[in-house]
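> I would like the atomic coordinates for the input below:
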Amino acid sequence: MTNRRTFIGTAGWGISTPYKDDFPQSGSRLERYATRLPIVEIDTSFYKPHRRETYERWAGSVPEHFRFAVKMPKTITHEHRLVGCETLADVFLQQVEGLAAKLSVLLVQLPPSLPFEPDVAGGFLDMLEKRTQTRLVCEPRHPSWFDAEAEALLADRRIARVAADPAPVPAAAVPGGWPGLAYFRWHGAPRVYYSDYDAESLARIG
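Residues are numbered from 1 along each chain as shown. All right, here's what the predicted structure looks like:
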């Protein structure tokens, strides 16, 4: 892909102690983070809502080139399980659109207990398509989401499937769905939420 661009960021903009000297010492954590990295995933939106004004403030504190990925609330994905959540989606999108042009991706992470059902998945994704033009990435974790029918449904709707580490099934380790976007969510190896990835590992996806 001759026009491929790679953006590396983290979930949240906390700066751990071993790396604090690599960042400016003044400004908010987000402002300091944005001087070194071009994108961040907002994970807290999965657990609790943020006001539109909060998203607007975040967008206003970073450079023009900076982008945000935002995780969809668990009320939609885990509690309603993609069904009957139009009002919840409207509320979430009204809030997150406070990021304006700096909103790059919406992440739909599904619970491990949610199997692939074409009518449910298709209906949910069609509902979102009517409400937002923001790119979507999907992180399924039930094995049924990694067969040909699920792959085709995502690809037809231009939705990328996340490449995850650790991967719940072998196929989850590599990107899937729509090939126009690859989204890697790596949580540390060999120790989850602790281990760093070496430069060689990162270079393989660059």
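> how about the helices in the chain?
With DSSP state H as the criterion, the chain has helices at 29-33, 52-60, 74, 86-96, 118-129, 148-156, 199-203.
> Tabulate those helices (CSV), appending distance to residue 165, mean pLDDT and mean neighbour count.
Bear in mind the C-beta positions are built from the backbone N, C-alpha and C, glycine included. Converted to CSV, the helices of the chain look like this (distance: least, C-beta to C-beta, whole Å; pLDDT from 0 to 100; neighbours: other C-beta atoms under 10 Å):
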stretch, distance to residue 165, mean pLDDT, mean neighbour count
helix 29-33, 22, 97, 16
helix 52-60, 27, 98, 15
helix 74, 21, 98, 15
helix 86-96, 26, 98, 16
helix 118-129, 24, 98, 15
helix 148-156, 19, 98, 15
helix 199-203, 9, 80, 10
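> and residue 177, which of these is closest to it?
helix 148-156 (3.3 Å; C-beta to C-beta).
> now what about the longest strand seen in the chain, what contacts it?
Longest strand in the chain by number of residues (criterion: DSSP state E): strand 103-109. Strand 103-109 has contacts (C-beta atoms under 8 Å, 6 or more residues apart in numbering) with 39, 41, 46, 67-72, 77, 96-97, 128, 132, 134-139, 141, 162, 181, 183.
> residue ranges with poor pLDDT in the chain?
Low-confidence regions of the chain, defined by pLDDT under 70, span residues 1-4, 206.
> If we use 80, what do you get?
1-4, 202-206 (pLDDT under 80).
> Can you show me the strands along it?
10-11, 39-42, 67-71, 103-109, 135-139, 160-161, 163-165, 176-177, 184-186.
> could you redo these as JSON lines and give each row distance to residue 149 and mean neighbour count?
Shown next, in JSON lines, are the strands of the chain (distance: least, C-beta to C-beta, whole Å; neighbours: other C-beta atoms under 10 Å):
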{"stretch": "strand 10-11", "distance to residue 149": "30", "mean neighbour count": "16"}
{"stretch": "strand 39-42", "distance to residue 149": "28", "mean neighbour count": "20"}
{"stretch": "strand 67-71", "distance to residue 149": "25", "mean neighbour count": "21"}
{"stretch": "strand 103-109", "distance to residue 149": "18", "mean neighbour count": "20"}
{"stretch": "strand 135-139", "distance to residue 149": "14", "mean neighbour count": "22"}
{"stretch": "strand 160-161", "distance to residue 149": "13", "mean neighbour count": "24"}
{"stretch": "strand 163-165", "distance to residue 149": "20", "mean neighbour count": "19"}
{"stretch": "strand 176-177", "distance to residue 149": "12", "mean neighbour count": "24"}
{"stretch": "strand 184-186", "distance to residue 149": "23", "mean neighbour count": "17"}
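> Next, format the ones you listed as JSON lines and append distance to residue 205.
Listed next are the strands of the chain as JSON lines, based on distance: least, C-beta to C-beta, whole Å:
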{"stretch": "strand 10-11", "distance to residue 205": "15"}
{"stretch": "strand 39-42", "distance to residue 205": "14"}
{"stretch": "strand 67-71", "distance to residue 205": "16"}
{"stretch": "strand 103-109", "distance to residue 205": "16"}
{"stretch": "strand 135-139", "distance to residue 205": "14"}
{"stretch": "strand 160-161", "distance to residue 205": "13"}
{"stretch": "strand 163-165", "distance to residue 205": "8"}
{"stretch": "strand 176-177", "distance to residue 205": "14"}
{"stretch": "strand 184-186", "distance to residue 205": "6"}
